[in-house]
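[1] Sequence and predicted structure, then a few things I'm wondering about:
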Amino acid sequence: MIKLNWIDRAIGVIAPRAAVKRGVARAALTRAYDGAAVGRLTEGWRTKPSSADGEIMAALPKLRDRQRDLERNNPHARKAHAVWRKNLVGTGIRPRAKEGDSEAARAVDLWENEWCKRADADNQLDIYGLIDLAVGTMISGGDAVIRRRLRRKEDGFKIPMQLQVMEGDQLDHTKTGTISDGRTAIMGVEFDLIGSRSAYWMYPQHPGNAFLPIRAGMISQPVPASEIIHLYRKERQQVRGVPWGSSVITELRDFDDYALAEGMRKKIESCMVGIVLGAEDGDEPITPAVVDANGNTIEQFEPGMIAYARGGKDIKFNSPSSGGGFRDHKSASLHSVAAGYLVPYELLTGDLSEVSFISGRFGLTEFRGLVETIQWLCIIPMMMNQIWSWFCEAAYFAGLLSTADIAIEWDTPEFESVNPIDDANADLINIRAGKMTLFEAIAKRGRDPLAVLKEHAEVAKLLDAYGLIFDSDPRRVAKTGVEQPSTASETKQAQTTAPNRLVHLRPVK
């Protein structure tokens with residue numbers, strides 16, 4: 001509530017709006033948030049109440065080009081890209097059938113054995129390679145576009161569908177405004193009357209491709225939204241995404257310039273090893289000049305060079321400075337870069353010199369939480385669920401599934417354990433306490449629980465058939481390594497009927 005003093009109230013009798021404006025201005029000077037204060041300390045801070053789309057529209061092309069240039073030439077930008085890509089996708093986000101759902105199990109089998117290797121419209125990658133490519137494209141360019149390509153029966157595809165991954169550059173960034181009949185477009189994305197995405201305005205090829213002939217003057221055409229997956233990280237109410245390193249582009253550029261200047265300084269200092277000085281007082285005057293050992297005038301310096309002043313009688317050696325502040329500057333800069341990329345400094349640089357086990361594990365735990373957030377709130381709902389829906393629809397119309405509506409679960413790649421023994425014990429405790437099921441524990445490792453249990457059953461049958469006992473078999477050996485009494489007679493029976501003699505392995509005492 002705005003409080004008006006007696007002057008404001010007096011003005012309000014004649015001009016109410018002017019009185020309110022005076023009250024609002026006074027409140028802005030005395031508001032409770034320091035960040036909103038107006039004064040000498042914030043005099044140069046220029047802000048504007050723009051939307052996310054307004055900011056992205058003006059900056060996206062330049063941000064995208066600069067980010068890609070850094071990833072081509074800056075090793076730390078390239079490493080940050082690789083860290084995100086590896087942790088988000090790894091070897092693949094894989095579908096898994098729910099227990100007892102035979103139709104879902106059949107669909108997963110078709111996905112893995114029939115469609116996976118032929119999913120790429122370019123016939124180079126499998127489906128997991130396409131997912132990795134799409135996520136990498138999103139990290140570098142802000143967003144990625146996946147287009148469904150339906151195939152004809154005569155093309156020879158058992159499941160007649162492929163996917164094409166494209167960069168966000170192929171979305172017509174300039175297509176903004178009213179299209180027709182009240183339909184609007186923002187940066188190439190068309191919306192219908194109720195605000196739902198209805199089409200994407202796509203160029204026929206990448207606008208930066210100089211090797212292919214330009215067709216139709218590079219005029220964008222609408223593609224139905226039902227044929228497109230638009231993948232990007234949505235941090236505000238926005239239509240397009242931005243490169244993930246946008247907040248540290250200038251930091252990385254300045255770091256490159258600083259490192260280049262430091263390297264050039266070292267090169268210049270190392271060029272001149274020493275110089276033989278000119279004549280002493282009382283000797284004949286000489287013409288100022290610097291020559292090499294053969295008397296030729298020097299016009300450029302070279303590494304390890306010794307120069308001579310004509311008539312020189314003394315030599316002075318160059319002493320390059322140590323430049324000890326470079327390491328501190330590099331560490332501080334890369335800490336900022338790691339914060340901007342939202343990755344741990346140790347993963348960005350590989351520098352583990354100041355990391356303890358506890359601090360390293362805490363940092364990785366925090367990062368893994370962020371990775372899981374992006375996987376489950378961005379990649380899976382935006383991309384994986386839609387790809388699965390397309391796949392089931394294509395398999396259904398091909399007569400391979402009885403329904404196109406099949407629910408499955410997704411297994412994300414396993415995180416490499418910092419302390420495998422402690423993590424395994426924690427899972428065991430959670431399973432015994434009822435906080436976790438065996439299926440969850442196996443799925444957390446990136447494996448299909450049903451497939452793992454089937455393998456266990458097959459291994460158990462073979463062990464029993466050959467009369468083998470391993471410490472890893474809790475049916476036969478207790479945790480202490482002692483053979484279970486109830487199975488001793490069974491073991492002796494199996495030993496006599498096995499084709500080979502019993503190899504009874506026990507822990508060494």
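    That came through fine.
[2] Give me the contact list for the helix or strand hosting Asn385.
    Using DSSP states H and E, Asn385 maps to helix 385-397. With contact meaning Cβ atoms under 8 Å, 6 or more residues apart in numbering, helix 385-397 is reached by 95, 107, 110-111, 115, 127, 131, 146, 148, 150, 159-161, 163, 229, 401-406, 408. No exception for glycine: its C-beta is placed from N, CA and C like everyone else's.
[3] partner strands of the helix or strand just after that helix, parallel or antiparallel?
    Following helix 385-397 in sequence order, the next helix or strand is strand 409-411 (DSSP H and E). Sheet pairing of strand 409-411 (DSSP bridges) gives strand 94-96 (antiparallel).
[4] Kindly tell me how buried Arg148 is, as a neighbour count.
    Arg148 sits with 21 neighbouring residues when counted by other Cβ atoms under 10 Å.
[5] ok so it is a strand residue?
    Yes - membership of Arg148 in a strand is supported by DSSP: H, G, I helix; E, B strand; the rest coil.
[6] Okay, strands next: where are they in this structure?
    Listed in chain order, the strands of the chain (DSSP state E) span 94-96, 143-150, 161-167, 177-178, 184-186, 189-191, 197-202, 221-224, 228-232, 272-277, 290-291, 305-309, 314-317, 409-411.
[7] so can I have TSV of those strands showing mean pLDDT?
    Formatted as TSV, the strands of the chain follow (pLDDT from 0 to 100):
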stretch	mean pLDDT
strand 94-96	92
strand 143-150	98
strand 161-167	98
strand 177-178	92
strand 184-186	96
strand 189-191	97
strand 197-202	97
strand 221-224	96
strand 228-232	98
strand 272-277	59
strand 290-291	60
strand 305-309	59
strand 314-317	60
strand 409-411	92
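[8] Tabulate these (JSON lines), appending distance to Leu462.
    Shown next, in JSON lines, are the strands of the chain (distance: least, Cβ to Cβ, whole Å):
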{"stretch": "strand 94-96", "distance to Leu462": "25"}
{"stretch": "strand 143-150", "distance to Leu462": "43"}
{"stretch": "strand 161-167", "distance to Leu462": "40"}
{"stretch": "strand 177-178", "distance to Leu462": "69"}
{"stretch": "strand 184-186", "distance to Leu462": "61"}
{"stretch": "strand 189-191", "distance to Leu462": "57"}
{"stretch": "strand 197-202", "distance to Leu462": "54"}
{"stretch": "strand 221-224", "distance to Leu462": "53"}
{"stretch": "strand 228-232", "distance to Leu462": "44"}
{"stretch": "strand 272-277", "distance to Leu462": "73"}
{"stretch": "strand 290-291", "distance to Leu462": "84"}
{"stretch": "strand 305-309", "distance to Leu462": "75"}
{"stretch": "strand 314-317", "distance to Leu462": "77"}
{"stretch": "strand 409-411", "distance to Leu462": "27"}
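[9] mind checking which of those is nearest Lys48?
    Among the strands of the chain, strand 184-186 comes nearest to Lys48, with 18.4 Å by Cβ to Cβ.
[10] ok, the closest one: who's next to it in the sheet?
    Here strand 184-186 is paired, per DSSP bridges, with strand 177-178 (antiparallel), strand 189-191 (antiparallel).
[11] So, low pLDDT: which residues of the stretch 1-150 of the chain?
    Within the stretch 1-150 of the chain, the segments meeting pLDDT under 70 span 1-3, 27-32.
[12] check contacts around Ile249.
    63, 66-67, 70, 243.
[13] Of these, which pair is most distant in space?
    It's Leu63 and Leu70 that sit farthest apart of these, by Cβ to Cβ, at 10.7 Å.
[14] neighbour count winner among the two?
    The neighbour comparison of Leu63 against Leu70 (other Cβ under 10 Å) goes to Leu70, with 24 against 18.
[15] which residue packs closest to the more buried one, ignoring adjacent ones?
    Once flanking residues are discounted, Leu70 sits nearest to Ala77: 4.0 Å by Cβ to Cβ, 6 or more residues apart in numbering.
[16] Could you report the distance from the one you found to Val83?
    Using Cβ to Cβ, to the nearest Å, Ala77 is found at 11 Å from Val83.
[17] on that earlier part again, do you know how far the residue nearest to Leu70 is from Ala36?
    Separation of Ala77 from Ala36 (Cβ to Cβ): 34 Å.
[18] So for the two, which residue has more residues nearby?
    When neighbours are counted by other Cβ under 10 Å, Ala77 and Ala36 differ, and Ala77 comes out ahead with 27 against 9.
[19] My guess is that one contacts Arg68. True?
    No - with contact defined as Cβ atoms under 8 Å, Ala77 does not count as touching Arg68 (9.3 Å).
[20] and Ile442, what does it touch?
    Residues in contact with Ile442 (Cβ under 8 Å, 6+ apart) are 448-449, 452.
[21] ugh, wrong one, I meant Leu193
    By Cβ under 8 Å, 6+ apart, Leu193 lies in contact with 181-183.
[22] switch the cut-off to 7 Å
    Residues near Leu193 by Cβ atoms under 7 Å, 6 or more residues apart in numbering: Gly182.
[23] Please parse this protein into its domains.
    According to automatic domain parsing, the chain comprises the domains 6-42, 53-62+114-244, 265-317.
[24] mind putting the ones you listed in a markdown table, distance to Arg368 included?
    Output for the domains of the chain, formatted as a markdown table (distance: least, Cβ to Cβ, whole Å):
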| stretch | distance to Arg368 |
| --- | --- |
| domain 6-42 | 32 |
| domain 53-62+114-244 | 16 |
| domain 265-317 | 40 |
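[25] Please work out which of these is packed deepest.
    Mean neighbour count (mean count of other Cβ atoms under 10 Å) peaks for domain 53-62+114-244 among the domains of the chain, with a mean of 17.
[26] Figure out the length between the terminal residues of that one.
    End-to-end distance of domain 53-62+114-244: 16 Å, with Cα to Cα, to the nearest Å as the criterion.
[27] got it, and stretch 347-366?
    Terminal residues of stretch 347-366 are spaced 13 Å apart (Cα to Cα).
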